[in-house]
Structure formats: C-alpha cells, structure tokens
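[1] Give me a model of this one.
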Amino acid sequence: MKINVHENIAIRLMNEKFEAISYYDGNFRHIYDHYMEKIMTTIEDPFNPEYPFLTTIDEYDNTIFNWVQVPRLINELRRVSVNGEDIEFDYAVENVIEYLNTISSLHYIQFLGD
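    Predicted coordinates:
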C-alpha cells in the first residue's frame, strides 16, 4: 500500500443534526495507513471481516459511525495497536480512542477523507 503523507483524514464529533461539535486535533492518515497495511485482504477489496469498522473507513470520502458503533470501532483500534512495538503509533491510537470516547447518545463520529 502506498502511503501518501499529503492526504488528510480528519475526525469530527457531530450532534443529532449532523452539526460539528468538535474536531480531533490530529491527522488520522498515519494510523489509517499503518493498520491497513496489516489487515487489508487485497487492494481491490480491502474489507476484512475481522475489522468490519476499520476497513470501511473511506480514505477519500466521508464515513460516519453512530454512538452505538463507536465502541466496536474502538475495540478494533485497540486490536491493531502494536502494543509497544511502535510507541508513536500506540500513542496516536490512544489519542484517537480518547477522542472517540467523548461521544454520547445521539451523536456521530465522522471521518473526513481527502
């Protein structure tokens, strides 16, 4: 998989009217590239049934998860974390998880692909 550091994947929290409440202060692109190299099945069809939420994040478009889905997304992020092998990656994943944990009922998390 080609890593393109010039692209951005932003994350924002939205209310029930899909209005932005806050934005994650970072770029999800590094995390996305790192885990997709590990878990994607093929370039033509990157969907992996073991990671149904992570592999459906669209790097070029918007992807929305509701407050019921976010705990499953967090679980998948924890599983792709390398747990000490790459301290920067683990730290970045934990920062994203911390942000995702700010979601409450009737809210959404949106990944904004470039």
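[2] What segments of this protein are strands?
    Secondary structure of the chain, counting by DSSP state E: strands at 10-14, 20-23, 62-66, 108-112.
[3] Pull the distance from the first one to the chain's centre.
    Translated: strand 10-14. Put simply, strand 10-14 sits 10 Å off its chain's centre (C-alpha atoms, centre = their mean, to the nearest Å).
[4] next one: the third one
    Relative to its chain's centre, strand 62-66 lies at 10 Å (C-alpha atoms, centre = their mean).
[5] do the same with the second one
    Taking C-alpha atoms, centre = their mean, one finds the center of strand 20-23 at 16 Å from the center of the full chain.
[6] would you put the C-alpha positions of that strand in CSV?
    Extracted as CSV, the C-alpha positions of strand 20-23 are listed here (Å, rounded to 0.1, in the frame of the first residue of the first chain):
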residue,chain,number,x,y,z
ALA,A,20,-19.9,19.7,14.1
ILE,A,21,-19.4,19.8,17.8
SER,A,22,-15.6,19.4,17.8
TYR,A,23,-12.7,18.2,15.7
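[7] check contacts around the closest residue to Met14 other than its chain neighbours.
    Nearest non-adjacent residue to Met14, counting by C-beta to C-beta, 6 or more residues apart in numbering: Tyr108, 4.5 Å away. (Each C-beta comes from the backbone N, C-alpha and C, glycine too.) Tyr108 makes contacts with 13-15, 18, 64-67, as judged by C-beta atoms under 8 Å, 6 or more residues apart in numbering.
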